[in-house]
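Engineer: compute the structure for the input listed below.
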Amino acid sequence: MTSETDPRALGAFLKARRAQLTPQECGLPEPDSARRVAGLRREEVAHLASISVDYYVRLEQGRVRASAPVLITLAKALRLDEDQQRYLYELAGRADALPRRRRPPQRVRPAMTRLLSQLTETPALVLGKRLDILAWNMAAKALFTDFAEIPQNRRNYLRLLFTNPAIRELHVNWAHDARDAVAALRLEAAKDQEDPELARLVGDLSVQDEDFRGWWAEHRVNSASYGTKHYRHPLVGELTLDCDTWASPDGSGQRLMVLTAEKGTPSHDALLIMTSWATEKQGT
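Structural biologist: Predicted coordinates:
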């Protein structure tokens with residue numbers, strides 16, 4: 001028997017954790033008299049976890065193994081954070097039963113929103129996890145498409161590269177750009193291998209596109225944050241743009257993707273024409 005699955009190790013953790021809590025923190029009434037020991041009593045933990053006192057005592061003594069439902073109630077009763085919950089399940093030998101973390105919806109950081117509003121002549125996108133398109137500016141709309149017309153659950157950079165004919169046609173070197181994007185997603189996937197939305201995206205594209213299926217199977221990864229993109233826009237024609245991506249420093253996984261051209265070049269002039277046209281069209 002390993003220490004990770006030793007019931008006595010679990011009991012030691014339960015005892016230590018209840019000593020760190022007060023009745024007031026857990027919503028219990030104020031004690032009538034002074035306590036001889038710090039923290040919660042065993043019967044209080046049992047009450048909070050909706051289990052018998054005898055069963056809880058045997059858990060702390062290492063005489064019985066905890067079931068998955070009991071671990072759920074204990075984690076709630078002892079107010080465990082995510083790391084502590086993971087540790088609890090590992091000690092109980094039930095890491096496979098650990099509930100999946102609820103992933104909060106991706107929200108654009110205010111700083112990213114401000115940057116987008118200030119980039120008036122430069123196409124820019126905020127990409128989230130799985131390369132979801134979280135926000136864009138007018139220039140990006142003029143270059144790619146009106147993302148607002150795409151359902152939010154389909155608004156993904158990689159999905160659009162493979163399934164949107166207009167965006168696919170926009171890329172002069174589509175195969176190169178799409179393969180690089182697949183490699184970028186493959187690297188992102190390693191950070192959260194149990195992400196159900198990622199699994200759905202990969203599954204959908206694997207069924208729909210043979211190229212994606214083959215490139216995903218290559219396990220190629222790409223962490224490049226800059227490069228050159230070549231576009232063929234229906235209004236302004238050929239565009240050669242530098243593509244730079246900056247990661248948010250807050251660990252959210254959000255990235256700002258900006259497409260620029262050197263001032264005075266045909267591509268820069270084309271960007272000015274394209275964004276001016278889009279602005280005028282919006283104003284009409």
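Engineer: and Arg63, how many neighbours?
Structural biologist: Applying the criterion other C-beta atoms under 10 Å, we find 12 residues in the vicinity of Arg63. Where you see a C-beta, it was placed from the backbone N, CA and C, and this is true even at glycine.
Engineer: who's in contact with it?
Structural biologist: The neighbourhood of Arg63, defined by C-beta atoms under 8 Å, 6 or more residues apart in numbering, consists of Pro7.
Engineer: grab the nearest non-local neighbour of the residue minimising distance to the centre of the chain.
Structural biologist: By C-alpha atoms, centre = their mean, the mean C-alpha position of the chain lies nearest to Lys129, the distance being 4.5 Å. Once its chain neighbours are removed from consideration, Lys129 has its nearest residue in Gly253; the separation is 4.5 Å (C-beta to C-beta, 6 or more residues apart in numbering).
Engineer: before we move on, the earlier item: and the residue nearest to the centre of the chain, how far is that from Gln85?
Structural biologist: With distances taken as C-beta to C-beta, to the nearest Å, Lys129 is found 22 Å from Gln85.
Engineer: cool, Arg18 as well?
Structural biologist: As judged by C-beta to C-beta, Arg18 and Gln85 stand 15 Å apart.
Engineer: which of the two has more residues huddled nearby?
Structural biologist: Set side by side, Arg18 and Gln85 show unequal neighbour counts under other C-beta under 10 Å, the larger going to Arg18 at 23 against 19.
Engineer: once you drop chain neighbours, what's closest to that one?
Structural biologist: Beyond its immediate neighbours in the sequence, the residue positioned closest to Arg18 (C-beta to C-beta, 6+ apart) is Leu40, lying 4.2 Å away.
Engineer: repeat for Val202
Structural biologist: Take Val202 and drop its neighbours on the chain: the residue closest to it by C-beta to C-beta, 6+ apart is Trp216, 6.4 Å away.
Engineer: again, but for Gly128
Structural biologist: Spatial nearest neighbour of Gly128, chain neighbours left out: Gln106 (4.2 Å); criterion: C-beta to C-beta, 6+ apart.
Engineer: hang on, isn't that neighbour packed against Arg255?
Structural biologist: No - under the criterion of C-beta atoms under 8 Å, Gln106 is not in contact with Arg255, lying 11.7 Å apart.
Engineer: where's the residue nearest to Arg18, which helix or strand?
Structural biologist: Following DSSP states H and E, there is no helix or strand that holds Leu40.
Engineer: next one: Glu169
Structural biologist: Using DSSP H and E, Glu169 maps to helix 165-170.
Engineer: equivalent analysis for Leu71, please.
Structural biologist: Counting by DSSP H and E, the element that carries Leu71 is helix 68-77.
Engineer: what are the contacting residues of whichever helix or strand comes after that helix?
Structural biologist: Following the chain from helix 68-77 toward its C-terminal end, the next helix or strand by DSSP H and E is helix 82-91. By C-beta under 8 Å, 6+ apart, the surrounding residues in contact with helix 82-91 are 4-6, 9-10, 13, 17, 71, 74-75, 78, 80, 95, 97-98, 101.
Engineer: just the buried members of these?
Structural biologist: Among those, those classed as buried by neighbour count (16 or more other C-beta atoms under 10 Å) are 9-10, 13, 17, 71, 74-75, 78, 80, 98.
Engineer: just give the number of residues close to the closest residue to Ala9 other than its chain neighbours.
Structural biologist: The shortest distance from Ala9 to any non-neighbouring residue, by C-beta to C-beta, 6+ apart, is to Leu91 (5.1 Å). By other C-beta under 10 Å, 23 other residues sit near Leu91.
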